[in-house]
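Visitor: 3D model of this:
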Amino acid sequence: MIRKINLIIILLVCSLPFSAKASPEKELLIENAILMNIHHEASSALGKKLNAEIVQYDCSKITDIELIRLPSGSNYLSDGHAFKLTVQMRAKVINEWKLVTMTLENDNPQGVFISKNIQISVIPKHYNCGKKLYP
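Guide: Model (predicted):
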């Protein structure tokens, strides 16, 4: 089931024409679909990093996405591609809000996103969390 959801999201993202820009509403829906897809992995990876069972976070946004070309013959999608996502979020760390930057990749046979790196830093003074979740 997860593999099907990943495949649908990947096909949706890849099917957007590169020469034409999608509407802001469509981009927001695609971003939120991806964020929903990685929610469990982001929560559990952040929980492990902070040594906490429940992690409170919000303001998730994808700040970068890169195409990963997999070696030929790899046991993944027929065209041998995966993605590297960089996601930023605001998380509560010991009763203080911090900025978390997490990289996730789905370069595995299951096609599920797995957290590869988590960085925690001070939230910049002019950080804006006021993004609408849905158009």
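Visitor: tell me the average confidence for stretch 82-91?
Guide: Across stretch 82-91, the average pLDDT comes to 94.
Visitor: that stretch: how far from the chain's middle?
Guide: Relative to its chain's centre, stretch 82-91 lies at 4 Å (Cα atoms, centre = their mean, to the nearest Å).
Visitor: pull the helix or strand with minimum mean pLDDT from this structure.
Guide: Within the chain, confidence by mean pLDDT, DSSP states H and E is lowest for helix 2-15 among all helices and strands, at a mean of 53.
Visitor: which element follows that one toward the C-terminus?
Guide: helix 24-50 (DSSP states H and E).
Visitor: can you pull the buried residues of that next one?
Guide: If you call a residue buried by 16 or more other Cβ atoms under 10 Å, then helix 24-50 has these buried ones: 28-32, 34-35, 37-38, 41-42, 45-46, 49-50. C-beta here means a position set from N, CA and C on the backbone, and glycine is covered the same way.
Visitor: just stretch 80-100 next, same as before
Guide: Neighbour-count burial for stretch 80-100 [16+ other Cβ under 10 Å]: 81-85, 87-91, 93, 97-100.
Visitor: pull the most distant pair out of these.
Guide: Across the buried residues of stretch 80-100, no pair lies farther apart than 81 and 97, at 35.5 Å, counting by Cβ to Cβ.
Visitor: for the residue nearest to residue 87 when sequence neighbours are not counted, list each beta-bridge partner.
Guide: Nearest non-adjacent residue to residue 87, counting by Cβ to Cβ, 6 or more residues apart in numbering: residue 102, 5.0 Å away. Listed by DSSP bridges, the beta-bridge partners for residue 102 are residue 87, residue 118.
Visitor: residue 89 is in contact with residue 102, correct?
Guide: Yes: in this structure residue 102 lies within contact range of residue 89 using Cβ atoms under 8 Å: 7.3 Å.
Visitor: got any residues that touch both of those two?
Guide: Both residue 102 and residue 89 are contacted by residue 42, under the criterion Cβ atoms under 8 Å, 6 or more residues apart in numbering.
Visitor: low-scoring stretches of the chain, by residue?
Guide: Scanning the chain for pLDDT under 70 picks out 1-21, 73-79, 130-135.
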